[in-house]
Structures are given as structure tokens and as C-alpha cells.
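Undergrad: Would you be able to build a 3D model of this:
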Amino acid sequence: MINKLNRAFIFDLDGVITETSEYHFMAWKTVCKKIGYDLTRKKNEELKGVNRNKCLDMIMKWAKIRLTEKEIESLLEAKNNIYIDYIKDLNENDVCEGVLNFINDAIKNNIKIALYSASRNAKRILCQLKIIDLFTVIIDGNNVTNVKPDPEGFKIAADLTKTNTKDCVVFEDSISGIEGANKLNMYTVGIGSRDVLKNADVVYKGFKNLKIKDIINV
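TA: This next block holds a predicted model:
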């Protein structure tokens, strides 16, 4: 259990607050077809929480191909355009079940709310979901030099919320995110499959029946 005083919850976005992770998979799958690679859902788990450039690096290694800088830029732009098209109609009804109640309950208990997402579209999505004002701190792909599983973004979130890393709780659906938060001894809550997120301190399928007292002393 986390200390009651001076706590912060750090949320990932895709697959935690809203189910846009499926759109990322579909966009990458389309891009992969252009280079003759069949992206499976299993391999896609390794892409979760990772920024676009690093994802394409990983895909090129899996596909055992090399691309020119111009080809890389073209594919990265294509992936983003496909993803943007998928999320254009995203709205407040696309917040995952139970998330709003969980966050509002945390705020009532004086818990600081932060977001750390690899997505450079994070603020745009939060605005479309109409929940951006719930977050005291927002860290996205534009604010970090090193991507997950590097802990840089989590450390920035802790610093900006003025919270010790040991008093931070991270909600993640990605292997890389769990790994990054674990490096700082943050308490990690996996959202998804226990088989995939086995390195998290605890795993839940979602927020539907999750209460903050299940995570911390309140």
C-alpha cells in the first residue's frame, strides 16, 4: 500500500483511459503491409507505450529490412495520418468504463493526477474526451528524450507533481511502461492481461470495479 500523504497517480493514455490502442495496432498493421510484414497482436504488445520512431525501428528489425530516411519518414507520416483518421470522431463517450469515477474519487482524496503517454497526440485526445482539466501534469512524446522503458517521463511526472517516486502509482497497459516505472520503484498497476503484464505489482482488467482503497490507504 502507498502512503496516504503526498501521493500521485500517473496514467498512461492508450489502452488505459481510452481504447485507442486498437487504432494504433490497425494503423501499424496497415503500414507493415507496405513493407511486406505481417504484424501480429502478440508482437504488437511490444509496441505499446513506445513512440512512433522506436516502433518502426523494432518493426524493421522483425522484418529484417533496412529503409532509407525518406522511406522511414514516409511510413511514419502514413502511420500517423491513418491513426488520426481513426480518432477524429473520438469523444467523451470513449472514456473507458470506470475511469472517470476512479479519477474523481482520487481527486477528492487529494491525490495528484498526472498523465504520461508516448503519444504526441495525447493532449488532443484528452481534449476530445473532455477530461484534460482533470490532469495536473501532462507528459507526452513531445516532452521526453528517452522513450519507455526508459523511466525519464515517469521521473518528470513525479518531479512536476512534487511527489517522491515511491509514492507514485502508475497505471499502464504496456510492458515497456511497467518496466520503466518499476525502475523508479513506483507502484505499478497493470491494466489488461496478467499474462502480459506479469511484472506489474498488481493487474486488473479495467477500472469498472476498481476502487482507490484497493490500491492505497485512504
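
Undergrad: From here on, just use CA atoms for contacts and neighbour counts.
TA: OK.

Undergrad: can you pull the pLDDT of the residue of the chain most remote from its centre?
TA: Using CA atoms, centre = their mean, the residue of the chain lying farthest from its centre is T68. It sits 28.9 Å away. With respect to pLDDT, T68 scores 96.

Undergrad: again, but for M1
TA: If you check M1, the pLDDT there is 48.

Undergrad: can you give me the helices for the protein?
TA: Counting by DSSP state H, the chain has helices at residues 21-34, 41-44, 52-63, 69-87, 99-108, 122-129, 152-160, 175-182.

Undergrad: give me the low-pLDDT residue ranges for this structure?
TA: Residue ranges of the chain with pLDDT under 70: 1-5, 218.

Undergrad: tell me the domain boundaries of it?
TA: 8-18+92-214, 21-87 (automatic domain parsing).

Undergrad: deepest of those domains, which one?
TA: Highest mean neighbour count of the domains of the chain: domain 8-18+92-214, a mean of 19 (counted as mean count of other CA atoms under 10 Å).

Undergrad: Regarding that domain, how distant is the last residue from the first?
TA: In domain 8-18+92-214, first residue to last residue: 15 Å (CA to CA, to the nearest Å).

Undergrad: Grab the nearest non-local neighbour of F25.
TA: Spatially, and ignoring its direct neighbours in sequence, F25 is nearest to N44 (6.6 Å; CA to CA, 6 or more residues apart in numbering).

Undergrad: Sorry, wrong one. I was asking about K166.
TA: Nearest residue to K166 in three dimensions, chain neighbours excluded: M186, at 5.1 Å (CA to CA, 6+ apart).

Undergrad: do the same with L39
TA: K29 (5.5 Å).

Undergrad: how far away is that neighbour from I131?
TA: For K29 relative to I131 (CA to CA), the value is 29 Å.

Undergrad: hang on, the earlier thing: can I assume the residue nearest to L39 is in contact with D38?
TA: Yes: counting by CA atoms under 8 Å, D38 is a contact partner of K29 at 7.0 Å.

Undergrad: how close does E179 sit to I131?
TA: From E179 to I131 the distance is 27 Å (CA to CA).

Undergrad: err, I87, not the other one
TA: Distance, I87 to I131, by CA to CA: 16 Å.

Undergrad: What of S119?
TA: In terms of CA to CA, S119 sits 16 Å off from I131.

Undergrad: can you check T165 too?
TA: Applying CA to CA, the value for T165 to I131 is 25 Å.

Undergrad: And R120, by the same measure?
TA: From R120 across to I131, the span is 17 Å (CA to CA).

Undergrad: W28 now?
TA: 27 Å.

Undergrad: do K34 as well
TA: K34 sits 36 Å away from I131, going by CA to CA.

Undergrad: what does I178 give?
TA: Distance, I178 to I131, by CA to CA: 24 Å.

Undergrad: cool, N101 as well?
TA: As judged by CA to CA, N101 and I131 stand 12 Å apart.

Undergrad: what residues are up against the residue nearest to E92 when sequence neighbours are not counted?
TA: Excluding its sequence neighbours, the residue lying closest to E92 (CA to CA, 6+ apart) is L129, at 4.1 Å. In this structure, L129 makes contact with 90-95, judged by CA atoms under 8 Å, 6 or more residues apart in numbering.
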